[in-house]
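Asker: Here's my sequence, what's the structure:
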Amino acid sequence: MSSEIRIKKLRGSGGYVMAKVTDDEQMKGNLGGPDLFLAPIGRLDAEKITKHFCNTCEKEFEGPPKIEFENPNEEVAENLILAEKGQYICKSCNSSIAEYREFKKQDEARDIGIAKPVESQQVAEPEKQTPQEIVTQTGPATSVSSIEGRTIVDENANKVGIAKQVGIDSTQSMVLVLTKNDGTEGSIPWNSIKKIGEVILLGKPEATQPGKCSSCGFGNKEGSKFCEECGTKI
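Answerer: Prediction:
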């Protein structure tokens, strides 16, 4: 396992940081393109970050941004825990530069089971978040193997695409962001995932409360025939 240190640009949804990273951390940050991304690497030590750039300020700053995190230890699937979530924040304007999520197995010897649906919460003016803004992190040996890069197949054994990251859509429902077979990006509701193993198997979404859209997770009024958010037939 290589530990050679290099200074690299690590991109986020709201800017980038220049940081000293190992070869292994570079591998985590490489999602298949020319750029390296900060979120899959997770939480870096502040002293490793030499500069940060904020898209809102349109300015580069010396030193690290603020790093805030919490440990919800929330079960998001059978044998899969959201162990930590955090973000890198511009010290000048407090805008988010990047966010990350770290998932761990409760039992390393067992596979991950059926995903648990995330219930919509009624909150005042929730902040809109794109799936790209909240992603999974590959952690050390105790964390779950990376979901990124796994083949996604439907219930008919047809390849749908390649998993890119875990995210939250505009209704605060968990989704799996993927690169489709044609190279475009899309997302799949988390409750459409039947099993996660060597591949990610899709199936019919688990039964949900009346009115909840099976496509985007929006909570419609009971009796609605079409989703008020995305127009999908309920």
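
Asker: just for this structure, where's the confidence low?
Answerer: Low-confidence regions of the chain, defined here as pLDDT under 70, cover residues 1-3, 32-33, 112-146, 168-173, 204-210, 214-217, 229.

Asker: Show me how it divides into domains.
Answerer: The domain map for the chain lists 5-202, 208-234, with the assignment taken from automatic domain parsing.

Asker: For the longest one, what is the distance to the chain centroid?
Answerer: Translated: domain 5-202. 3 Å (CA atoms, centre = their mean, to the nearest Å).

Asker: Would you map the helices across the protein?
Answerer: 23-29 (DSSP state H).

Asker: Pick the most buried one from the domains of the chain.
Answerer: Relative to the other members of those, domain 5-202 carries the highest mean neighbour count by mean count of other CB atoms under 10 Å, namely a mean of 17. From N, CA and C alone the C-beta is placed, and that goes for glycine too.

Asker: what's the first-to-last distance across it?
Answerer: Across domain 5-202, the straight-line distance between its terminal residues is 39 Å, by CA to CA, to the nearest Å.

Asker: Does Asn60 touch His52 like I think?
Answerer: Heads up, residue 60 is Glu, not Asn. Yes - if you go by CB atoms under 8 Å, Glu60 and His52 touch, sitting 7.2 Å apart.

Asker: and Asn94, what is it in contact with?
Answerer: Neighbour list for Asn94: Lys66 [criterion: CB atoms under 8 Å, 6 or more residues apart in numbering].

Asker: For it, give me phi and psi.
Answerer: As for Asn94, its main-chain torsions (degrees, to the nearest 10) stand at phi 70, psi 20.

Asker: Distance check, it against Lys59.
Answerer: For Asn94, the distance to Lys59 (CB to CB, to the nearest Å) stands at 14 Å.

Asker: Please apply the same query to Ile7.
Answerer: The spacing between Ile7 and Lys59, counted by CB to CB, is 20 Å.

Asker: and what of Pro34?
Answerer: In terms of CB to CB, Pro34 sits 24 Å off from Lys59.

Asker: One more: His52?
Answerer: Noted for His52: a distance of 10 Å to Lys59, by CB to CB.

Asker: ditto for Gly12
Answerer: Looking at Gly12 against Lys59, where the rule is CB to CB, the gap reads 15 Å.

Asker: Same question for Ile89.
Answerer: For Ile89 relative to Lys59 (CB to CB), the value is 15 Å.

Asker: now do Ala98
Answerer: For Ala98, the distance to Lys59 (CB to CB) stands at 17 Å.

Asker: Let me know whether Val160 touches Asn181 as I believe.
Answerer: Yes - proximity of Val160 to Asn181 meets the contact threshold set by CB under 8 Å, at 7.1 Å.

Asker: List the single closest residue to Pro64 in space, sequence neighbours excluded.
Answerer: Leaving out its chain neighbours, the residue that sits closest to Pro64 by CB to CB, 6 or more residues apart in numbering is Ile49, at 3.6 Å.

Asker: Lys66 is in contact with that neighbour, correct?
Answerer: No - distance between Ile49 and Lys66: 10.8 Å, which falls outside the contact criterion (CB under 8 Å).

Asker: Could you pull up the residues touching Ile81?
Answerer: Asn73, Glu74, Glu75, Phe103, Lys104, Lys105, Gln106.

Asker: can you rerun that using 6 Å?
Answerer: Residues in contact with Ile81, defined by CB atoms under 6 Å, 6 or more residues apart in numbering, are Asn73, Glu75, Lys104, Gln106.

Asker: Tell me the bridge partners for it.
Answerer: Here Ile81 sits in beta bridges with Glu75, Lys104, as judged by DSSP bridges.
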